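J.: structure of the sequence below:
(chains A, B and C)
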Amino acid sequence: MLVTTLRHTPLILFVVIFLLFGWLSPRFLSYQSFENVVKQASYIGIAAVGMTFVLLTAGIDLSIGSNMYLSAIVAGLLIKNYGLPAPLALVVCLGVGLLFGVVNALIVTRLRIIPFVATLATLWVGRGLGLWLTESTEVEFPESVTRIGSQRWLGIPLPVVIFAVVVLCAFVLLRWTALGRQVYAVGNDIEAAKKAGIDTARVRGTAFILCGVLAALGGFISVAQLGTVNAGFGKDREFDAIAAAVLGGTSLFGGIGSVFPGTVLGAILIQMVTIGLVSAQVDLYLQPLVAAGIIFVAVLLDGLRTQQLARLSRRRIRVEEMTAPWDSGMVPELRRG
Amino acid sequence: MVDSILQFDGISKSFFGVRALEDVTFALRKGHLLGLIGENGAGKTTLMNVLAGVLAPDSGAMKLRGAEYAPRRPADATTAGIAFIHQELNLFTNLSIADNLFIDRFPRLGRSPFINRAAARRQTVGLLQSLNLQLSPETLVDRLTPGERQLVEIAKALSTGAEIIIFDEPTTSLTAAETQRLFRIIRDLREQGKSTIYISHNLGDVLELADDVVVLRDGRLVDAGPARDFTMDRMISRMVGRAIDQIFPTRESKPSHEAVLNVKGLSQAGIVKDIHLTLHKGQVLGLFGLMGSGRTELARMLFGLEPFEQGELLINGVPCRRTCAGDSIRRGMAFVTENRREEGLLMEATVVDNVGLVALPAFAIGRFPRLLRHRRLNDAVARIVEAMRIKSGPVARTLAKDLSGGNQQKVVLGKWLLSRPAIFLMDEPTRGIDVGAKYEVYTIINDLAAQGAGILLISSELEELMGLCDRILVMSKGEITGSFERSEFAQEPILHAAFKGHQRVPQSRESSGRAGGR
Amino acid sequence: MAVTRVSRVSSLPSGKAFGVARRILLAENFVLYLSIVFFAGLCLFMPYIASGRNLANLSSNMWPLLALVLGQMFVLILGGIDLSQTSIMALTSVAGAMLMTTRLDPALFAKSPLWGLLLSADGSPISGTLLAVPLGIAAMLLVGTSVGFLNGLAVAKFRMPAFMVTLVSMMFFSGLAIYLTKSENIMYLPDGYTRIGSGGIGPVPWSLLVVLVLAVASHVVLRHTVLGQWFFAVGKSVRTSVVSGVPTGRVIVVGYALSGFCAAVASILYSARLAGGRPTLGQNLLLDVIGAAVIGGISLFGGKGKVLWALFGVLFFVLLSNSLSMLALPFYAEPVVKGAVILLAALLDVTRTRLLAREAIA
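T.: I've put the predicted structure just below:
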């Protein structure tokens, strides 16, 4: 019983917080409100799914904020200066994100630089490039793009639909393809993975590339809701993505985690806290503090949970189940007669 | 005329001028088991790395089934039907058994990239059944015992169609029962026509299993022949290059009557129950038992790493309660744990830093801050390194991870010696080290006892305990089930006590106290 | 039937020129040499760089950053990371300023939760008194160390990953700083304090002296005390340290507390120079701190670090920033160059490690 509770901590936490905010402000419990939460969570949720891949391989990607910025402004500038239609702009945006991911992948796998430092470097370079291209000005997006932010498909907001599709694809990839299983393997023990014949460079590289593409997609969705990109767009978003993944049960050390329910819950949870605080009319300046406090508690519980689970399974002291020592060969000279 | 399936011809390999292998020539006969023995550094690992395609030989060649065999990378060896079961298992604890088996060659659904889980599951079940392993293929490897994990590795080897299987120190983490299960499986594999190379420091096991024996020393093959022609003595003397009169140095000193450690009624639910023991000055007290009997847990409780609910612990007559490692050390205790890589050494630190770790406060002046006296510390470390004959590069620069197993263990011992403890708790101190180094460790234990230290020696090797101890306590299922003075040492009654509480209590049979076998 | 094959261990080219290059590369003080060469090169193109004014400018940027990197160094050696240093700077800046300020505009600060309790139009209860500055500074140090202490407690006692703990800490304490001041800067700080930012003993500025003392103290702790050895031990293996009697919990807490302390020192220096308490102080500095640490050679995996490396890393970093602004390059060149430099530094480190490993086998 305890074990089951502990294993599903993210879900239980989710329900608890949901009910808490619902109690503080009944308005929060409406479908409208929940839909709003999920819609707002979509863009960081998509990026968090990408981050999950990287975290699973025991890596980290600090550059997704700059990635979002750069890919968004490239698309935006092309629309503004060359009249590129929205769908093509999206493709370009994803393309830039892909390139960004490829660069990260190459630096990590070919130059053998650790992900933290590699993505720190691309974070800087990416932001610099973006600032150069825009000369720090704001880039506005036309209605053809912002429509995406408000459109619906079968009654569900488009951003949410896209989020759901991304989650589904990621889930299938991780569960049902060799690459997905190898991601878990590499994160668990990279040396063993190499010995098992897995192309660890390909696996890790793919994780970074996926993360890049999904970061760009998430950025685009955000732009579709905001309508404009300024010089600070995407800043610090990597921490949000990491927090969402970690809250959803993904380990920073690799090998443990899932996109569903895990990261999805984490992303929605964070957004729920943010919006819930507004709903409950908490002082604007206090909101970041409360949010930080809740995330702290969530991570604390997660850590305690892992420790407890480890302790519980270690309790079963391995006992000799064998019978006569003669069978066990402990006295071989007796067996040989 | 039995043909050889694998042939080594004049294999030589050097690293930067150091000869690791020199002109090694021998053959593995098809369907036979070849025991490969030798001290650490004798070249066994290098030879296996050559076989696996991890290293290329400088000269010489290998033949597989009569044809030239020259692997360029590990995948070549696997394709050629050679599988390795290493000491450190290459399994992914976060994945299921089925996923582990097929991680690099999942069966697909048609031409799609999707995994055919049903097929993978089917094949896994088949493999597990052939090894008599009653486990579900979806079980996470995390939840398996070391013995079960090893069998999964064997299943993996079989699933790749291996015809030649190499076992490298397979029994280190196994219980006696799991070892027997492993031996049964190895014999079954032989029946099926698989050929095996078995590498182990456990010479008794090798004698029991092998058809042929090959002995390496300093990179050269110094002896080879059918196993039935080999005795323990022959094996050991060929390995170390000199006649070994005895495996254990003679114990000359006698324990005093003064007790350094008193344990009364120690209990912790589910782990140990009502433990009473007394350790005297100058005594080597052995603690024997099967894996899971609670010996390590008891030692950890005595040292303060784990809590205990009931009971009393007296060190030099002074009662102690709820201690931590620091307190125990201050009271004169030392603990050599059973896994030196994770709890005994700082692998990335130098020999000096490792040896100095425990006794640091003693080489500092002042209270806040405590300034180190580097020269004193370095001198003391140098003295210990010399006294224990630790073989390493310059001690201030050589990292612990670059030392051999035996030298690593000596570093751990040296670290504790520096703080001059009166009580030593040693958990499997000779695990994974070669015969020569073992002898040196035994000598150190003897000397410590002669100087008046009390030593609690935990070991799974009964002969080791019988050779070194003044008295042996036996534990089973968390309780002390027997106590034997030196004059009473005999394999059978001790084993009896170790199995007490388990199923069939064995009938008495003739026993021999010969040191050998397991 | 001899079979010779090219050894799988990738061989690096040999030769005299390479030998020399190798020796330079492997030198412990490589980053220092690089900085000197870089500086010399710059002097050729921009003689202004060596002018007194510019050197003073360089210096004033260097010391506070060094203080931060020293603090981060302790945590990195422990195998952790402190993402909250900049928010500690912000909080301490605000805390000190609130105590020391001589005037607060009610229009801006009336909404602050501390208005009426601690703050009024004339500042705090102790403003204007002789004690204001020393107490203010003491409070800043105390706040910084306390936050660090809390970080360390969460990491040591609750076993939470340092990344997450300090990330949450960063969010919380910078939020707190903004909450307390309602996002406003606190000005009108007494001269006694702002002099720290501009004055000194003769030509030697206070910031240099303070951080020099800090650096020497850090060096002594790391190399010559038991605590220092314990930092390295815990960073290399917590389990072994526990069994060997190292009080790992305490060591971790002290490490993070030191990081907080150093952040407070940096804050004192920055705030004095800016003559104000800012709730957004240091907002963009975090990555600079880590970048400088990495460039200097402090390992992100723990177990390795030297005060000298921190110094060289900061030196190079500041030189770089300085030269970029001198070159009148557009400001967006700076992040690009920073990124490229840190990549190069990491690449060099990888190459060095590989070279050293090969030497060890010999």
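
J.: in stretch C:318-330, which residues are buried?
T.: C:318-324 (16 or more other C-beta atoms under 10 Å in any protein chain shown). All C-beta atoms are positioned from the backbone trio N, CA, C, and that covers glycine.

J.: got phi/psi on the residue of the stretch 301-450 of chain B found nearest chain A?
T.: Nearest to chain A in the stretch 301-450 of chain B, going by C-beta to the nearest C-beta, is B:Glu306, at a distance of 11.3 Å. Dihedral pair for B:Glu306: phi -130, psi 150, per degrees, to the nearest 10.

J.: am I right that it is in contact with B:Thr296?
T.: No - using C-beta atoms under 8 Å, B:Glu306 makes no contact with B:Thr296, being 9.7 Å away.

J.: more neighbours: which of those two?
T.: Neighbours per residue, other C-beta atoms under 10 Å in any protein chain shown: of B:Glu306 and B:Thr296, the larger number sits with B:Thr296, 21 against 15.

J.: is the more buried one in a helix, a strand, or coil?
T.: Using DSSP: H, G, I helix; E, B strand; the rest coil, the structure places B:Thr296 in helix.

J.: do you know how far it is from A:Ile256?
T.: 27 Å (C-beta to C-beta, to the nearest Å).

J.: let me know the helix or strand that C:Met62 is in.
T.: Per DSSP states H and E, C:Met62 falls inside helix C:52-77.

J.: so for the following helix or strand past that helix, mean pLDDT?
T.: Using DSSP H and E, the next helix or strand after helix C:52-77 towards the C-terminus is helix C:85-100. For helix C:85-100, mean pLDDT is 94.

J.: and the helix or strand just after helix C:85-100, how far from the chain's centre?
T.: Using DSSP H and E, the helix or strand that directly follows helix C:85-100 along the chain is helix C:106-109. Distance of helix C:106-109 from its chain centroid, counting by C-alpha atoms, centre = their mean, to the nearest Å, is 33 Å.

J.: ok, which stretches of chain C are strands?
T.: Ranges of strands within chain C are C:200-201, C:204-205, based on DSSP state E.

J.: which ones are touching A:Ala291?
T.: Shown in contact with A:Ala291 (C-beta atoms under 8 Å, 6 or more residues apart in numbering or on different chains): A:270, A:273-274, A:277, C:171.

J.: how near is it to C:Val220?
T.: Taken as C-beta to C-beta, the span from A:Ala291 to C:Val220 is 41 Å.

J.: B:Tyr442 now?
T.: With C-beta to C-beta as the criterion, B:Tyr442 and C:Val220 are 43 Å apart.

J.: the more surrounded of those two?
T.: Taking neighbours as other C-beta under 10 Å, B:Tyr442 and C:Val220 compare with B:Tyr442 leading, 20 against 14.

J.: wait, doesn't that one sit right on B:Gly467?
T.: Yes - if you go by C-beta under 8 Å, B:Tyr442 and B:Gly467 touch, sitting 7.5 Å apart.

J.: quick one: low-confidence parts of chain B?
T.: For chain B, the stretches with pLDDT under 70 are B:1-2, B:16-17, B:40-41, B:241-246, B:291, B:501-518.

J.: quick check: domain ranges of it?
T.: B:4-240, B:260-332+B:421-501, B:350-419 (automatic domain parsing).

J.: quick check: which ranges of the chain have low pLDDT?
T.: No chain was given, so I picked chain A. Looking along chain A with the criterion set at pLDDT under 70, you get A:1-7, A:312-337.

J.: hmm, I had chain C in mind actually
T.: Looking at chain C by pLDDT under 70, you get C:1-19, C:21-28, C:357-362.

J.: change it to 50
T.: Filtered on pLDDT under 50, chain C yields the residue ranges C:1-12, C:362.

J.: quick check: the residue nearest to C:Ala264 when sequence neighbours are not counted vs C:Ala263, distance?
T.: Once flanking residues are discounted, C:Ala264 sits nearest to C:Gly144: 2.7 Å by C-beta to C-beta, 6 or more residues apart in numbering or on different chains. Counting by C-beta to C-beta, the separation of C:Gly144 from C:Ala263 is 5 Å.

J.: tell me where the stretch 301-450 of chain B has helices.
T.: B:325-330, B:351-356, B:374-387, B:405-417, B:435-450 (DSSP state H, counting those that start in this stretch).

J.: can you put these in CSV and add distance to C:Val254?
T.: Below are the helices of the stretch 301-450 of chain B laid out as CSV (distance: least, C-beta to C-beta, whole Å):
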stretch, distance to C:Val254
helix B:325-330, 15
helix B:351-356, 19
helix B:374-387, 22
helix B:405-417, 23
helix B:435-450, 35
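
J.: name the nearest residue to B:Ser293, ignoring sequence neighbours.
T.: Per C-beta to C-beta, 6+ apart, closest to B:Ser293 is B:Met475, 4.3 Å.

J.: number of residues surrounding the one you found?
T.: B:Met475 has 26 neighbouring residues, counting by other C-beta under 10 Å.

J.: got it, and the one 10 residues further on?
T.: With neighbours defined by other C-beta under 10 Å, the count for B:Glu485 comes to 10.

J.: can you check B:Ser476 too?
T.: Count around B:Ser476 with other C-beta under 10 Å applied: 24.

J.: phi, psi for B:Pro429 please.
T.: Here B:Pro429 shows phi and psi, under degrees, to the nearest 10, equal to phi -70, psi -20.

J.: next up, the contacts around it.
T.: B:336, B:409, B:413, B:441, B:445, B:457, B:459.

J.: surely the fourth one and B:Leu413 touch.
T.: Yep, that's B:Val441 we're talking about. Yes - B:Val441 is within contact range of B:Leu413, at 7.2 Å (criterion: C-beta under 8 Å).

J.: what subset of the contacts of B:Pro429 is buried?
T.: Buried among these (16+ other C-beta under 10 Å): B:336, B:409, B:413, B:441, B:445, B:457, B:459.

J.: and which of those residues is nearest to chain C?
T.: B:Val336 (9.3 Å).

J.: many thanks, we can stop here.
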